[in-house]
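# Structure for the following, please:
(chains A, B, C and D)
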There are 2 protein chains.
Amino acid sequence: MARPRMFDEERALDAAMRTFWEKGYEATSTQDLCEATGLGRSSIYNTFRSKRDLFERALARYIDTMTTAQLALLDDARLSAADRIRALLAMVVDGETEHRAGGRSLGCLTVNTTVELAARDARTAGMLERDTARRLAALRAVIELGRRDGSITSARDAGALARFVNASIGGMRISGQGGADRATLESIAEVIMDALTR
Amino acid sequence: MARPRMFDEERALDAAMRTFWEKGYEATSTQDLCEATGLGRSSIYNTFRSKRDLFERALARYIDTMTTAQLALLDDARLSAADRIRALLAMVVDGETEHRAGGRSLGCLTVNTTVELAARDARTAGMLERDTARRLAALRAVIELGRRDGSITSARDAGALARFVNASIGGMRISGQGGADRATLESIAEVIMDALTR
DNA sequence: CGAGTTTTGAACCTATCGATCCATAACTTT
DNA sequence: AAAGTTATGGATCGATAGGTTCAAAACTCG
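So this is what the prediction gives:
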């Protein structure tokens, strides 16, 4: 039919996602995206329409990857509810330790985007809200399970506990971006668990 | 000696701070700053040298105002240690409720700046680190006091508890920016306190 | 091989970015 | 009132932003 692509769209999307993750939306120029992906302007605009649209796809990919992995942990039937949440927090610590640039954690793209764009981009805000709702629902289900299996002893409302865990994970991300090391993040995670098992 | 200023430098700084707080550093143009402050370009550049320098002064002002107010709460000798931290969390909830634009919380300028700039601006990162250190020290002192006055019963290391509280406050800020309402933030604050009083 | 289709790279577009320049206004001091 | 100094508004700067155009390239299919 026609001339085929010389590049892998998914790999390009990954590179763009990483760039937005490192630098943020505004600070990432289309030139940065060309260099990160190895594509020319035409190819980027031909494939992704605009910087805005490319960002949206990159964010969707990030959300899909990350939330899927995290919800899988919360579904691990081999573990008690509390241990599933411990595993989730450990995954967050690992993520903050792995994804770094310039000696600092990159944080989490959804947290970063909440800060940078949620207030002035309704579509992005909607994506983030749906993701948060999904994660809160999963957390809440695990917490209710933990109430039954005895691993979560807090008498607080399960929804409140879920929102607390979600918020505290965001706080761990901010701490990582602020320079906190692995041991610090691990100690925070332990205290988070204390609130659920009091 | 010479022609006097037609404007109040502190008021202009406040307006600039608010703009950076609402829109972030990159998304704030010098034109935005002119409109927000009511000054002309010349006056802004004559007074503040550059957008970068103006931001630094705005951030310093924010840090000074906010951290001073928060540390004052932690020093209130009329309250138990736990109640001081409760008061701090209540102040955070109030702040998230008060400072809004477009139906959303503005979050916290230091958190926002950690996300947007800490990785690529060493001077800004330094300011944020010093502020964090100051707040952690105050939190730690209050937690150690709480151990003595009996209001904080967690056996965890005081430093770890302090970092937990600091991180969780950041998480509350993110939650607020993500759309959480006052009741949600209050419930998160209650669970944070559970971790300290278990 | 040739017609048809899409991709690609380079040149190019307009708008806006942060920042500077300069003539004039507005003040103090002598 | 004159000299000296700073503030101000408007014009302007080069650089870069995101995005478009277009001709050549590279493929498939008949």
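
# For the residue of chain A found nearest DNA strand C, grab the count of nearby residues.
DNA strand C sits closest to residue A:2 of chain A, with a gap of 2.6 Å, by CB to the nearest atom of the strand. (Each C-beta comes from the backbone N, C-alpha and C, glycine too.) Look at residue A:2: counted by other CB atoms under 10 Å in any protein chain shown, it has 4 neighbours.

# Report the contact partners of it.
By CB atoms under 8 Å, 6 or more residues apart in numbering or on different chains, the contact list for residue A:2 is empty.

# Any residue of the helix of greatest length in chain A touching chain B?
Secondary structure of chain A read by DSSP state H shows that its longest helix is helix A:122-149. Yes. Contact between helix A:122-149 and chain B is present through A:125, A:128, A:129, A:132 (criterion: CB under 8 Å from any CB of the partner chain).

# Where does residue A:47 fall, secondary structure wise?
Element membership for residue A:47 (DSSP states H and E) is helix A:41-48.

# Wondering if the next helix or strand after that helix reaches DNA strand D at all.
Using DSSP H and E, the helix or strand that directly follows helix A:41-48 along the chain is helix A:51-74. Yes. Using CB under 7 Å from any atom of the strand, helix A:51-74 reaches DNA strand D at A:51, A:52.

# avg pLDDT for helix A:51-74?
Here helix A:51-74 scores 98 as its mean pLDDT.

# pLDDT (mean, whole number) over the helix or strand that that helix is followed by?
Going down the chain from helix A:51-74, the next helix or strand is helix A:81-98, by DSSP H and E. Regarding helix A:81-98, the rounded mean pLDDT is 98.

# Residue numbers of chain A in contact with DNA strand D?
A:1-4, A:28-31, A:41-42, A:45, A:50-52.

# Which of those residues has the largest number of neighbours?
Counting by other CB under 10 Å, top hit in those: residue A:28 with 21 neighbours.

# That residue: what's it in contact with?
A:19, A:20, A:51.

# Serialize these to TSV and add fields for distance to chain B.
Conversion of these to TSV gives the following (distance: CB to the nearest CB, whole Å):
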residue	distance to chain B
A:19	13
A:20	12
A:51	13
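
# My guess is residue A:154 contacts residue B:193. True?
No. Using CB atoms under 8 Å, residue A:154 makes no contact with residue B:193, being 11.7 Å away.

# Give me the more crowded residue out of the two.
Higher neighbour count among residue A:154 and residue B:193: residue A:154, with 21 against 17, using other CB under 10 Å.

# Check whether the more buried one sits in a helix, strand or coil.
coil (DSSP: H, G, I helix; E, B strand; the rest coil).

# residues from chain A in reach of DNA strand C?
For chain A, the contact set with DNA strand C under CB under 7 Å from any atom of the strand comprises A:1-7, A:39-43, A:46-47.

# and the least confident of the residues you listed?
residue A:1 (71).

# Run the angle between whichever strand or helix holds residue A:174 and helix B:158-177 for me.
Residue A:174 belongs to helix A:158-177 when elements are defined using DSSP H and E. If you take axes from the mean of the first three to the mean of the last three CA atoms, to 10 degrees, helix A:158-177 sits at 110 degrees to helix B:158-177.

# what's the closest non-adjacent residue to residue A:191?
residue B:164 (3.9 Å; CB to CB, 6 or more residues apart in numbering or on different chains).

# burial measure for that neighbour, as a count.
Number of residues near residue B:164 (other CB under 10 Å) recorded here: 30.

# again with residue A:63
Other residues lying near residue A:63 total 19 when counted by other CB under 10 Å.

# give the contact list for the nearest residue to it once chain neighbours are set aside.
With sequence-adjacent residues excluded and distances taken as CB to CB, 6+ apart, residue A:63 is closest to residue A:131, at 4.9 Å. By CB under 8 Å, 6+ apart, residue A:131 lies in contact with A:63, A:67, A:110.

# Enumerate every residue touching the second one.
The neighbourhood of residue A:67, defined by CB under 8 Å, 6+ apart, consists of A:131, A:134, A:135.

# list the buried ones in stretch A:191-198?
Neighbour-count burial for stretch A:191-198, with 16 or more other CB atoms under 10 Å in any protein chain shown as criterion, is recorded at A:191, A:192, A:193, A:194, A:195, A:196, A:198.

# Format the residues you listed as JSON lines; extra columns: secondary structure and pLDDT.
Shown next, in JSON lines, are those (DSSP: H, G, I helix; E, B strand; the rest coil; pLDDT from 0 to 100):
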{"residue": "A:191", "secondary structure": "helix", "pLDDT": "98"}
{"residue": "A:192", "secondary structure": "helix", "pLDDT": "99"}
{"residue": "A:193", "secondary structure": "helix", "pLDDT": "98"}
{"residue": "A:194", "secondary structure": "helix", "pLDDT": "98"}
{"residue": "A:195", "secondary structure": "helix", "pLDDT": "98"}
{"residue": "A:196", "secondary structure": "helix", "pLDDT": "98"}
{"residue": "A:198", "secondary structure": "coil", "pLDDT": "83"}
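
# Quickly name whichever of those residues is closest to residue B:89.
Nearest to residue B:89 among the buried residues of stretch A:191-198, counting by CB to CB, is residue A:195 at 13.1 Å.

# Quick one: residues contacting the nearest residue to that closest one once chain neighbours are set aside.
The shortest distance from residue A:195 to any non-neighbouring residue, by CB to CB, 6+ apart, is to residue B:195 (3.8 Å). Applying CB under 8 Å, 6+ apart, we find residue B:195 in contact with A:191, A:192, A:194, A:195, A:198, B:154, B:161, B:164.

# What is the neighbour count of the nearest residue to residue A:192 once chain neighbours are set aside?
Excluding its sequence neighbours, the residue lying closest to residue A:192 (CB to CB, 6+ apart) is residue A:168, at 4.8 Å. Applying other CB under 10 Å, we find 28 residues neighbouring residue A:168.
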